[in-house]
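*Asks:* Generate coordinates for the sequence data below:
(2 chains)
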Protein chains: 2
Amino acid sequence: MFEIIPIKGGINAPQGFYADGVSAGLKPPLSNGKNALDVAFIYSEEPLKPFTLFTSNAFEAAPITHFKHYVQGKKSNFVLINTKNANAMTGQRGVQDVCEILDSLKARFDFVQNPIMASTGVIGQYLPKEKIINAFGGFEIFAKDEYAHARAADAIRTTDAFSKEIALRVNLSNGESFCIGAMAKGAGMICPALATMLCFITTDALLPEDAGERILRECVKHSFNAISVDGDMSTNDSVFLFANGRSGAYDEQAFKEALSIVMHKLAMDMVADGEGASKLVAFEVCGAQDEAEAIKAAKALANSLLVKTALFGGDPNWGRIASTIGASGVKCAYESLSIAFDNIVVFDRGEICFDEEREALAAKVMQKESFKVSCDLGIGEGKFVAYGCDLGHEYVKINADYRS
Amino acid sequence: MFEIIPIKGGINAPQGFYADGVSAGLKPPLSNGKNALDVAFIYSEEPLKPFTLFTSNAFEAAPITHFKHYVQGKKSNFVLINTKNANAMTGQRGVQDVCEILDSLKARFDFVQNPIMASTGVIGQYLPKEKIINAFGGFEIFAKDEYAHARAADAIRTTDAFSKEIALRVNLSNGESFCIGAMAKGAGMICPALATMLCFITTDALLPEDAGERILRECVKHSFNAISVDGDMSTNDSVFLFANGRSGAYDEQAFKEALSIVMHKLAMDMVADGEGASKLVAFEVCGAQDEAEAIKAAKALANSLLVKTALFGGDPNWGRIASTIGASGVKCAYESLSIAFDNIVVFDRGEICFDEEREALAAKVMQKESFKVSCDLGIGEGKFVAYGCDLGHEYVKINADYRS
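*Replies:* Residues are numbered from 1 along each chain as shown, chains lettered A, B, ... in the order given. Modelled structure (predicted):
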């Protein structure tokens, strides 16, 4: 038995981690004249080998190439993060830029070991090296006041409307406890295969080295890999999990549950903050031949433009849902299919039950900020829930105007 | 040698075919108070076995099920087409409705043999049988004035902004000639695997029975299966080709070229008329490992929301193009990739050549109503061109408001 309690402190909640955010002048000043935060760092007292998951995009960004080439397998105690520029499609020069920036960092802070860089923003431009290096002068690494975690989470935002962070304490039945803290950035380009998202997780749990990646993968499957804003997949997606064992406490079941809460929360924040999104929708597919088929159908729904615009219009257009399932390539049959909006069934094993009353009820469900679209394929045991949002005028506006 | 000449007459241009459109009251009256056309027919003097291609959506609409069950393999001389209601997701009752409507048709017109029905419109509602049957009173099947083909093409529109039809005469070097005529409806839900589109083609060429389907498939690959408006795939997609041999003329190469012009023209009309589209873009991928990989990459570009919104915004955002290629799962490498907008190269085998001058030139290309985005993967001989459009506010408006 264990209990999981939300706490303050974001990514700085676990012992031994120091994250903060500063301004390097990469973002324009805020409307109130203050400088916007755009560079963050995470310092770990103890050098650690992070557990990582990276984009499957063939053109991985330079910081990821740098990590794989220079850091992977070594212990690191520092992560440097910048926004507004993804350092992607920049080739060897992009990797060289990372090396130069991190060499400057090591020259200034001699305790920094095998630093890691992560970037997000526009693809296809070289990093503004000088601006980033100049920002090191503002790093007060050990200061860590109570707002430092919030500044760090703020600094990694691009088109995100709000910061995304969380911290949990897990109390085990033997009286021991550990913490997990995390921050992430999402918005736009979020798709069911790790997309423009950066996620940094810290914990003082005594996580065994052979368990970290396995648990991370399991939690990603139902969180970041289950969400879609626009079906695109970015060059920079990365998840880093740092575990320093300081608490001396660990329990696999408790850790896994807490980590999945952390990642699910951040993933839901990303969908809710999807560019221009106004509704968060869970697409629940069950009765599929197997889990792979359920994933395929659920993601097809979350990615369908016609479904997303119907969600935006508040139209319980179950015909588009059915058509999308039919087009997804999964095994299905007319006679066994059922479709519901929350608990309002509109199509029941081959029978249309969409009278005026049910249409009104289903339309009411769709007025909610968050609801569920369920499809029971009725032919097997496979199930999966994907999360998506509507697509409205704001999405078009943001993406027609913003170069990313 | 042969020559291909555009002619008048649309689907009625070849000898022996009689198409027309009437109003059955399925669409609301026009703003000028006149009745909108919404039911069309095609009568062929000679009963024919049509060459057909149908949707790959698992939930094929009732008219398609009806055709496969009752007509396929038999000679038919009549096609009845209605808009506003797709008769999809309507199960056995939907098929029964088709039978009843066509029985009424045969009772009224005793020369009708094995009639075919095709429908397009809202999914998940039963057909307004009475309205359609009542419309038979307005059928003047043999009248065929010079506007009949245009009324037919008008009557099959749903959200199409304009009618889509074409007719060609092919003059062979031996002095013989044949005609091809066609009409289609598209708009919305158009995707690279046959989508909400109906296409009817007539010809008096002496097309051999063993060649029709093969040639139809080849032409579809580079026309209807190469276009995307929103990546969705409908329940009702159908292509019918009727050949009566009346001209006594045939040449495979000439027929194939003429048919590909016909289908390419109609496909381009569909993209240009994609819901809310303002730009027609050819996504040309070459240098792929093989054709399958080129198709995959080109269709990924035509379907990417981030690419489509950048097109709408007129932003030569080559980073999104690269990222989409990288995410598409095709074999590619940074060092061999090149990207161009028309002839303006912005990324040349791993080198960013996107200075201010080229950006201005590329932005100018994107102001055009029609242009080309080229990606050379530089690793093989595979090539393919997919066609797509931008996605703007109009798309959202149409699809948030319209139930289809």
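*Asks:* domains of chain A?
*Replies:* The record's domain parsing of chain A by the TED database lists A:3-273, A:280-401.
*Asks:* Could I get the contacting residues of A:Gly137?
*Replies:* A:Gly137 makes no contacts at all, as judged by C-beta atoms under 8 Å, 6 or more residues apart in numbering or on different chains. Every residue, glycine included, has its C-beta placed from N, CA and C.
*Asks:* just the helices in chain A please.
*Replies:* Assigned by DSSP state H, chain A shows helices spanning A:62-66, A:91-108, A:129-134, A:148-155, A:212-221, A:252-272, A:291-303, A:305-313, A:318-327, A:356-365, A:393-401.
*Asks:* Give me the residue ranges of chain A where confidence is low.
*Replies:* The model of chain A has pLDDT under 70 over residues A:187-196, A:228-233, A:274-276, A:393-404.
*Asks:* that older thread, redo the domains of chain A as TSV? Include distance to B:Phe255.
*Replies:* Output for the domains of chain A, formatted as TSV (distance: least, C-beta to C-beta, whole Å):
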stretch	distance to B:Phe255
domain A:3-273	39
domain A:280-401	32
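*Asks:* Kindly state which of these is positioned closest to B:Val281.
*Replies:* B:Val281 sits nearest to domain A:280-401 of all these, at 14.5 Å, using C-beta to C-beta.
*Asks:* so how far is that closest one from its chain's centroid?
*Replies:* Relative to the centre of its chain, domain A:280-401 is centred 22 Å away, using C-alpha atoms, centre = their mean, to the nearest Å.
*Asks:* go on, stretch A:172-186?
*Replies:* 17 Å.
*Asks:* Start and end of that stretch, how far apart?
*Replies:* Chord length of stretch A:172-186, first to last residue, is 32 Å (C-alpha to C-alpha, to the nearest Å).
*Asks:* and that stretch, does that touch chain B?
*Replies:* No. Against chain B, stretch A:172-186 shows no contacts by C-beta under 8 Å from any C-beta of the partner chain, the least distance being 14.3 Å.
*Asks:* Could you give me the buried positions within that stretch?
*Replies:* Burial within stretch A:172-186, assessed by neighbour count using 16 or more other C-beta atoms under 10 Å in any protein chain shown, is assigned to A:Leu172, A:Glu176, A:Ser177, A:Phe178, A:Cys179, A:Ile180, A:Gly181, A:Ala182, A:Met183, A:Ala184, A:Lys185, A:Gly186.
*Asks:* ok, so of these, who is nearest chain B?
*Replies:* For those, the minimum distance to chain B (C-beta to the nearest C-beta) is 14.3 Å, reached by A:Gly186.
*Asks:* before we move on, back to that, quick one, which of the domains of chain A is nearest to B:Lys106?
*Replies:* Nearest to B:Lys106, of these and by C-beta to C-beta, is domain A:280-401 at 27.2 Å.
*Asks:* Just the buried residues of stretch A:172-186: which are in strands?
*Replies:* Within the buried residues of stretch A:172-186, residues falling in strands by DSSP state E are A:Leu172, A:Ser177, A:Phe178, A:Cys179, A:Ile180, A:Gly181, A:Ala182, A:Met183, A:Ala184, A:Lys185.
*Asks:* give me every residue that touches the fifth one.
*Replies:* Shown in contact with A:Ile180 (C-beta under 8 Å, 6+ apart): A:13-14, A:167-168, A:170, A:201-203, A:205, A:255, A:258-259, A:262.
*Asks:* Please tell me how far A:Ala58 sits from B:Phe283.
*Replies:* 17 Å (C-beta to C-beta, to the nearest Å).
*Asks:* For the two, indicate the residue with more neighbours.
*Replies:* Neighbour tally, A:Ala58 and B:Phe283, criterion other C-beta atoms under 10 Å in any protein chain shown: the higher count belongs to B:Phe283, 26 against 19.
*Asks:* Surely that one is in contact with B:Val373?
*Replies:* Yes. Applying C-beta atoms under 8 Å as the test, B:Phe283 and B:Val373 come out as touching, 5.3 Å apart.
*Asks:* quick one, phi psi at A:Asn89?
*Replies:* To be clear, residue A:89 is Met; Asn isn't right here. phi 60, psi 30 (degrees, to the nearest 10).
*Asks:* follow-up on the earlier one: what touches both of B:Phe283 and B:Val373?
*Replies:* What both B:Phe283 and B:Val373 touch, as defined by C-beta under 8 Å, 6+ apart, is the set B:Leu301.
*Asks:* re earlier: which of the contacts of A:Ile180 count as buried?
*Replies:* Buried members of those, scored by 16+ other C-beta under 10 Å, are A:13-14, A:167-168, A:170, A:201-203, A:205, A:255, A:258-259, A:262.
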